[in-house]
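Student: Just the structure for this:
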Amino acid sequence: MQVTLFRALRSVNIDDEIAQKAVEAVEEHIEMAVGQAVKPLENKIDTLLIQIAALSTKIDTVGTGTQTAISNISGEMKSVKWVSVGTTGFIALFGAAATLAAKMIL
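Tutor: The predicted model follows:
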């Protein structure tokens with residue numbers, strides 16, 4: 001666009017220096033207008049990045065909590081296993097003692 005505008009100004013006999021300044025002024029205006037138009041989008045992107053970071057932290061927290069819960073459940077299952085083994089052993093021992101006592105009585 002700069003070359004086209006410059007040539008157009010030159011074709012109507014505008015001095016090189018004045019044509020160059022006009023092109024520079026148009027470029028500055030375009031840059032400023034684009035910058036102003038893009039600013040709200042940049043703000044939205046920044047807000048979204050903050051929200052993504054917050055969600056990432058929440059996901060990490062949920063993951064850690066889930067791992068802790070799984071570890072706790074695993075520990076509880078091991079405890080239940082040993083209680084079951086102990087109870088079964090006690091019942092077997094009690095049954096054997098009862099059988100032995102019954103044989104001694106008879």
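
Student: Please count neighbours and contacts with C-alpha atoms only from this point.
Tutor: OK.

Student: Output the below-cut-off pLDDT ranges for this structure.
Tutor: Where the chain drops to pLDDT under 70, the residues are 1, 106.

Student: what about the helices in this protein?
Tutor: With DSSP state H as the criterion, the chain has helices at 2-11, 16-105.

Student: among the ones you listed, which is the most enclosed?
Tutor: helix 2-11 (a mean of 14; mean count of other CA atoms under 10 Å).

Student: which helices and strands does that one pack with?
Tutor: helix 16-105 (3 or more CA pairs under 8 Å, 6 or more residues apart in numbering; DSSP states H and E).

Student: by contact count, what packs against the helix it packs on?
Tutor: Applying 3+ CA pairs under 8 Å, 6+ apart, one finds that helix 16-105 contacts helix 2-11.

Student: Now do the helix it packs on against helix 16-105: the angle between them, please.
Tutor: In terms of direction (axes from the mean of the first three to the mean of the last three CA atoms, to 10 degrees), helix 2-11 departs from helix 16-105 by 160 degrees.

Student: Distance from helix 2-11 to the middle of the chain?
Tutor: 51 Å (CA atoms, centre = their mean, to the nearest Å).

Student: now what about it, what contacts it?
Tutor: Here helix 2-11 makes contact (CA atoms under 8 Å, 6 or more residues apart in numbering) with 16, 19, 20, 23, 27.

Student: how about a cut-off of 10 Å?
Tutor: Helix 2-11 is contacted from outside by 1, 13-16, 18-24, 26-27, using CA atoms under 10 Å, 6 or more residues apart in numbering.

Student: of all those, which two lie farthest apart?
Tutor: 13 and 27 (20.9 Å; CA to CA).

Student: Now residue 15. Its backbone dihedrals?
Tutor: phi -60, psi 150 (degrees, to the nearest 10).
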